[in-house]
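> Here you go, sequence then predicted model.
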Amino acid sequence: MTEEWRKKLAANMKNAENNVDFCEALYRYIIERLELPKDTHQRELYYLVLFSVRLKMPDEDVSTLESRLATVDCHQTSYIVSKKTLLMMEIERELGVSLDAISATEVVSVDDYADKLWEKINEK
């Protein structure tokens, strides 16, 4: 994703007039950021990140890839969870908000995340 495209998608989130529009703008941002096909229908963040990693490693044997992705770092966090966390931090920085740790760990889907972010944005 180019910087110009990222800014445009971020502006769409910032300029959303309601939660539904915000959720759709957030979903488009995530799909573009993870370089997923436009016709992706998955809404769970974990699986969107997983799908993006698998697309970037098409020649990797599935069992080897699964084994590599299942390993954890010194914080007992898998690569997919780390990538999901970094994506969320990028989005929150872009929007100028921050979810607390408990709220962030409760996020499963783009819709959950959009609801929490929309609520946080409207606290300002």
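Here it is on my side, so go on.
> going forward, measure contacts and count neighbours with C-alpha atoms only.
OK.
> Following the chain past the lowest-mean-pLDDT helix or strand in the chain, name the next helix or strand.
Least confident helix or strand, the chain: helix 62-70 with a mean of 70, by mean pLDDT, DSSP states H and E. Once helix 62-70 ends, the next helix or strand along the chain (criterion: DSSP states H and E) is helix 79-95.
> Tell me where this protein is predicted with low confidence.
In the predicted model, the chain carries pLDDT under 70 at residues 1, 62, 66, 69-77, 124.
> need the contact list for Asp111.
Neighbouring residues of Asp111 by C-alpha atoms under 8 Å, 6 or more residues apart in numbering: Cys23, Arg43.
> Which element, helix or strand, includes it?
Applying DSSP H and E as the criterion places Asp111 in helix 110-121.
> quick one: buried residues of that helix?
Across helix 110-121, burial judged by 16 or more other C-alpha atoms under 10 Å covers Val110, Asp111, Asp112, Tyr113, Ala114, Asp115, Lys116, Leu117, Trp118, Lys120.
> likewise stretch 98-114?
Residues of stretch 98-114 classed as buried by neighbour count (16+ other C-alpha under 10 Å): Ser98, Ala104, Val107, Ser109, Val110, Asp111, Asp112, Tyr113, Ala114.
> Can you give the distance from that stretch to the centre of its chain?
Offset of stretch 98-114 from its chain centre (C-alpha atoms, centre = their mean, to the nearest Å): 10 Å.
> Likewise for stretch 29-45?
Stretch 29-45 sits 8 Å away from the centroid of its parent chain (C-alpha atoms, centre = their mean).
> Next: stretch 27-40.
Per C-alpha atoms, centre = their mean, the centroid offset for stretch 27-40 relative to its chain is 9 Å.
> Buried ones in it, by neighbour count?
The neighbour-count check on stretch 27-40 (16+ other C-alpha under 10 Å) flags Tyr27, Arg28, Tyr29, Ile30, Ile31, Glu32, Arg33, Leu34, Glu35, Leu36 as buried.
> host element of the first one?
Right, Tyr27. Using DSSP H and E, Tyr27 sits within helix 19-33.
> what comes into contact with that helix?
With C-alpha under 8 Å, 6+ apart as the test, helix 19-33 has contacts from 1, 6, 9-10, 12-14, 16, 37-38, 40, 48, 110-111, 114-115, 118.
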